[in-house]
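Enquirer: my questions concern the predicted model and sequence given below.
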Amino acid sequence: MVAGVIPAAFLAVFFFWPAGALVLKGFVVDGVPTLEGFQRVFSAPRTWRILGFTLGMAGLATVVCVLLGIPGAHLLYRRRFPGRAVVRALVVVPFVLPTVVVGVAFGSLFDTGGPFGPLGLDDHWIAILLAMVFFNYSVIVRTVGTMWRRLDPRLAEAAHTLGASPLRGFLTVVLPALGPAIAAGASLTFLFCASSFGIVMVLGGVRYSTIETEIWFQTTQLLDLPAAAALSITQLLVVTLLLVATNALQRRTTHARRLHTDDTGVSAATWRRDWATVVVTATVVLVLLLTPLVNLAVRSLRRDGGWSLHNYAALLTAENPALSVPVSRAVWNSLWIALVAATVALALGVLVSLVASRRPASQRGRRALWAVEGLFLLPLGVSAVTVGFGYLITLNRPPLDLRSSLALIPIAQALVALPLVVRSLLPSLHAIDSRQLEAARTLGANHWRVLATIELPQLAKGLGLAAGFAFATSLGEFGATSFLSRPDDPTLPVVIFRLFGRPGADNYGMALAAATLLAVLTAVVMAAAEGRRPKGVATW
Amino acid sequence: MVAGLEARDVVVRYKDVTAVDGVSLHLQPGHVLALLGPSGSGKSTLLRAIAGLAKLDAGSIHWNGEDLSAVKVHKRNFGFVFQDGQLFPNLNVGRNVAYGLGKWQGSRQDRVAEMLELVGLAGYEKRKTTELSGGEAQRIALARSLAPSPRALLLDEPLSALDTGLRRHLAGEVSRILREVGTTAIYVTHDQEESSMVGDTVGVIVDGRLLQRAEPDELWRQPASVAVARFLGNKAFLTADDARALGWSGSLPAGHVLGVGPRSLELHPDGVPVQVLDEGFDLGHVEIGVELPNGQRAVVRSEERAGAETVRVRLVGGAVTPADAPT
């Protein structure tokens, strides 16, 4: 009971209140109900262009991800070869990087000084597209691959014995069987692409905006809050619909998975058989995934045509005119904020998971529980930008004036990280055979003892992963933070964004150095967390 | 007061399906009841209802006359052994066995050792549960359930996940252990041999109803109904005249038929010639399917193949079954 009340109260104050206020802001101006904000926003051709760009880019990036990801999934999950574990780990790296870092990495790839500068794609939508694909490639590889690995190979063999060519067998039998996984991965990719705020903020310049960057622009630059609210509500609707679809598809994937055997379809890779997937995947890994990261690291170490640590040294010491504080201060801010946010998210996540893992006997109880779980996962669908914007208009005045205290940032980040935490903890709890709990009860253990001896030890398995996720998410969080951080006390992602946008070799070099630093920090945290990933937990 | 374990008109429903349909039974302290039934017959559900793990839709469970409806699972002091052990993977063997022992019970180590000794796995305390074979895991599960000295032990197909040879051996072991401890027990199984090895009495459950409960030899000789007889492996049913024509020397009370099981017929040179329908192998012998004179199919056990289109058989036994008893 208590386990449910605390997170519910937190969510009520820090999610539903701001979200409610935001919706009200869209429909009520000066106490009068009106659709004026919507009318103004949706009569502007700019809005429709932005909406089209957001959905079009997300759609295009998703298609590219699926086309590149399916060969990758086959090679990395259906075949065995030396070094496979390394490649699998490599593929996931981009996904855990902060979006600002991804933006900076691709920006420095295509601008005039970059290796692909001559292509003339600086500030071009193709750069944004590639960054989105870079970021989400692993989503498809993982969701499709983990299902493909378990797909019974006899299914395709049966098709072949019936005279189907390998291609026909793939198209008529394998692909349909993978359908739910592909659909689930694709809808997640679409969701992430449609809300890749940091990437578009860094790479979009003045030419390209998505709904999220437009919300930010309307709020912070034009101070048109009703318009921003109208856009936020639109975003909320689109994303919620997508999330519902994703959840439904994922449930189908888990159902379908029961049909399959374990690992029997995995065989050694041979060049003759697998050259096509090898070529595609090697190109993706080397050109799309590795080049931007290596380029970022290399260019952060270059200065005036030579190798130098100057950019890093500048982070620590220089009083940069573009910033009111040294970057070291921002690093410090990022670290303690992430620590607080991770602690809050973890504490709430444990409570939520315990509530959500109850197994009520009655139909009504199950339905209620399903609703509760959905409620706590809702913030995942509501973009961080909406959270930041909501806080900005609610929690900066009595009865709760938290804006000046910096406390809002960790709270917002905890909220953003909460669904990830719950998703990494819940599978461990669900993995407990219900008869284990029954066995404990028949042996005379009461609820608390069952909790302490069976559920908490199991929960602890997912704790490392959850903590890592929460900490890394907070470290790189940009969407909400960009609304809430004060100019004189920013976090690292905010500083990177500001430095990258300013002219001057000094600022540019420091942005690259800071981005590299943040990338390394995040990667180290995530690698440590991944090492603690319990079997069978996939988190997104 | 009624001593021991009692179930009164127990009904358990899942949505539209009535899994347990008005079962009443009573076990004197120390009695071992084997519940035999096909899968889906409701026998496991009945067991879970007695343990308090499944909710009763009607009826009640009593111990020494006390109604247990309001008593929670962990206060009932009924041990439960699951089909697949359900040992706690985060605890070693010793701590699994000690789980049900209260903290205040001083001699925990001694009790654990005693229990492990009882199930023939002395010295296993420090082992991990993952290092155990299936048979060992079930023995540990049994030891864990017995350690707190439950007033009754409920075993839900504890051996059905094991292979045949081991199952037979362990059924004997379980039977010995239950007698040694002297506990009241219900042992659910779908294996006829197991049920007669373990149970003082055997109850047959079909479609959620307890059709008959009797001592093993009586159950097989005199099933209470055609349904029970069929479940126990009697494929053909003969009238007294038909039976006598096949050389049977026994007598059949009026209104009864004789159930013909695999051991009822034997090959005999002076027997009645019958048509061979099919042949199959089973554990070291041949089962010859034959067509009896009245057209029903029955099975004869033989050391070797029939080798002809007809064989001569003689009826030497059978299950005396009421012809049209309500099922």
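Expert: Received it, and whenever you're ready, just let me know what you need. In this text the structure is predicted, and so the values were computed from the model without any measurement.

Enquirer: could you identify the helix or strand that succeeds the helix or strand hosting B:R111?
Expert: Assessed by DSSP states H and E, B:R111 sits inside helix B:108-118. For helix B:108-118, the following helix or strand on the C-terminal side (DSSP H and E) is helix B:134-146.

Enquirer: in that following helix, what counts as buried?
Expert: B:135-146 (16 or more other C-beta atoms under 10 Å in any protein chain shown). From N, CA and C alone the C-beta is placed, and that goes for glycine too.

Enquirer: off-centre distance for the next helix-or-strand element following that helix?
Expert: Toward the C-terminal end, the helix or strand that comes next after helix B:134-146 (DSSP H and E) is strand B:152-156. Computed by C-alpha atoms, centre = their mean, to the nearest Å, the chain-centroid distance of strand B:152-156 equals 12 Å.

Enquirer: and strand B:152-156, average pLDDT?
Expert: Across strand B:152-156, the average pLDDT comes to 92.

Enquirer: which secondary structure elements does the helix or strand following that strand contact?
Expert: For strand B:152-156, the succeeding helix or strand toward the C-terminus, using DSSP H and E, is helix B:164-181. Other helices and strands packing on helix B:164-181, by 3 or more C-beta pairs under 8 Å, 6 or more residues apart in numbering or on different chains; DSSP states H and E, are strand B:32-36, helix B:108-118, helix B:134-146, strand B:184-189, helix B:192-198.

Enquirer: didn't A:F15 look like it was pressed against A:V416?
Expert: No: contact status for A:F15 versus A:V416: not in contact, 10.4 Å apart, counting by C-beta atoms under 8 Å.

Enquirer: those two: who's more crowded?
Expert: Ranked by neighbour count (other C-beta atoms under 10 Å in any protein chain shown), A:F15 and A:V416 place A:V416 first, with 25 against 22.

Enquirer: please see if the strand or helix carrying the more buried one touches chain B.
Expert: A:V416 belongs to helix A:408-430 when assigned by DSSP H and E. No: using C-beta under 8 Å from any C-beta of the partner chain, we find that helix A:408-430 stays clear of chain B, coming within 11.5 Å at best.

Enquirer: then whichever helix or strand comes after that helix to CSV, C-alphas only?
Expert: Remark: after helix A:408-430, the chain's next helix or strand is helix A:434-442, criterion DSSP H and E. Written as CSV, here are the backbone C-alpha positions of helix A:434-442 (Å, rounded to 0.1, in the frame of the first residue of the first chain):
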residue,chain,number,x,y,z
SER,A,434,4.6,-17.5,-8.8
ARG,A,435,5.0,-20.9,-7.2
GLN,A,436,8.2,-19.7,-5.6
LEU,A,437,6.1,-17.2,-3.7
GLU,A,438,3.5,-19.9,-2.9
ALA,A,439,6.2,-22.2,-1.7
ALA,A,440,7.5,-19.5,0.7
ARG,A,441,4.0,-18.9,2.0
THR,A,442,3.2,-22.6,2.6
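
Enquirer: how many residues are close by residue 10?
Expert: Defaulting to chain A. For A:F10, using other C-beta under 10 Å, the count is 19.

Enquirer: oops, chain B please
Expert: 25.

Enquirer: list the contacts of the residue nearest to it when sequence neighbours are not counted.
Expert: Spatial nearest neighbour of B:V10, chain neighbours left out: B:G59 (3.9 Å); criterion: C-beta to C-beta, 6 or more residues apart in numbering or on different chains. Counting by C-beta atoms under 8 Å, 6 or more residues apart in numbering or on different chains, B:G59 touches B:7-11, B:22-24.

Enquirer: and with 6 Å instead?
Expert: B:8-11 (C-beta atoms under 6 Å, 6 or more residues apart in numbering or on different chains).

Enquirer: in terms of helices and strands, where is it?
Expert: strand B:58-63.

Enquirer: same check, this time on A:A276
Expert: Per DSSP H and E: helix A:271-283 holds A:A276.

Enquirer: which parts of stretch A:223-232 are buried?
Expert: Result for stretch A:223-232 [16+ other C-beta under 10 Å]: buried residues A:224-232.

Enquirer: right, I mislabeled it, should have said stretch A:496-513
Expert: A:496-500, A:506-513.

Enquirer: save those residues as JSON lines, and put in secondary structure, distance to B:A227 and pLDDT too.
Expert: Shown next, in JSON lines, are these (DSSP: H, G, I helix; E, B strand; the rest coil; distance: C-beta to C-beta, whole Å; pLDDT from 0 to 100):
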{"residue": "A:I496", "secondary structure": "helix", "distance to B:A227": "78", "pLDDT": "86"}
{"residue": "A:F497", "secondary structure": "helix", "distance to B:A227": "78", "pLDDT": "86"}
{"residue": "A:R498", "secondary structure": "helix", "distance to B:A227": "83", "pLDDT": "84"}
{"residue": "A:L499", "secondary structure": "helix", "distance to B:A227": "84", "pLDDT": "82"}
{"residue": "A:F500", "secondary structure": "helix", "distance to B:A227": "81", "pLDDT": "82"}
{"residue": "A:D506", "secondary structure": "helix", "distance to B:A227": "92", "pLDDT": "76"}
{"residue": "A:N507", "secondary structure": "helix", "distance to B:A227": "88", "pLDDT": "79"}
{"residue": "A:Y508", "secondary structure": "helix", "distance to B:A227": "87", "pLDDT": "81"}
{"residue": "A:G509", "secondary structure": "helix", "distance to B:A227": "88", "pLDDT": "82"}
{"residue": "A:M510", "secondary structure": "helix", "distance to B:A227": "86", "pLDDT": "82"}
{"residue": "A:A511", "secondary structure": "helix", "distance to B:A227": "82", "pLDDT": "84"}
{"residue": "A:L512", "secondary structure": "helix", "distance to B:A227": "82", "pLDDT": "86"}
{"residue": "A:A513", "secondary structure": "helix", "distance to B:A227": "83", "pLDDT": "86"}
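
Enquirer: which one of those residues sits closest to chain B?
Expert: A:I496 (43.0 Å; C-beta to the nearest C-beta).
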